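Engineer: Mind folding the following:
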Amino acid sequence: MEVRGLHEVAERVFDGAFENLPAVVLCQYDTRLFDDEAIAALANAHAHAAHPDPLYDSLDLRITRTYQPNGVRAYGQIDLLSRTAFRDALLRAAASDEGRMVVDLSAIKYLDAGSVGAIVKAAQVAKCSAVEVRVPAHIYKLFEMLQPTLPRALRVEQAG
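Structural biologist: Predicted structure coming up:
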């Protein structure tokens, strides 16, 4: 049996063990570590699902807050219509004085120039020591060109 099948079996056994108990168990999965098929299979092993409340949710963009590490994660595209929400989410995370802030844009398809400015502003006002931004290859090229002008606290890495 492959690893994915073992995980599904384990989830069903675990779910059944708590079925008649006055308890709530929350299984969490880092969606960056599993492919979509594996996440769907694991989710189907449970009767209920919980998701974090997004900071922003539209047809084109979803922004959620992350806490370990401190930061935000965005999916979709960030443009003129969603830039203000993106900036506000970044500034909220930048107000935390944790060691670093991570902006996970690995699932972003489009990022306009004004949104790059919002990232730079967040790095300038951040209480934390470093701001790490994870971007897909097509967006990384933009940051490569801007590298000499970026604040030292801002580190951009290409999402693998």
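Engineer: show me the contacts for the closest residue to residue 71 other than its chain neighbours.
Structural biologist: Leaving aside its sequence neighbours, residue 71 sits nearest to residue 102 (C-beta to C-beta, 6 or more residues apart in numbering; 3.8 Å). In short, each C-beta sits where N, CA and C put it, glycine included. Listed by C-beta atoms under 8 Å, 6 or more residues apart in numbering, the contact partners of residue 102 are 66, 69, 70, 71, 131, 132, 133, 134.
Engineer: what's the closest of those to residue 93?
Structural biologist: Among the contacts of residue 102, residue 71 lies closest to residue 93 (C-beta to C-beta), at 5.2 Å.
Engineer: related to what we said a few turns ago, let me know the closest of the contacts of residue 102 to residue 80.
Structural biologist: Taking C-beta to C-beta as the measure, residue 133 is the one of the contacts of residue 102 closest to residue 80, at 20.0 Å.
Engineer: Could I get the average pLDDT for the longest strand anywhere in the chain?
Structural biologist: Looking across the chain with DSSP state E, the single longest strand is strand 100-111. For strand 100-111, the mean per-residue pLDDT is 94.
Engineer: TSV for the contacts of residue 102, including neighbour count?
Structural biologist: Formatted as TSV, those follow (neighbours: other C-beta atoms under 10 Å):
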residue	neighbour count
66	15
69	14
70	19
71	26
131	26
132	18
133	26
134	22
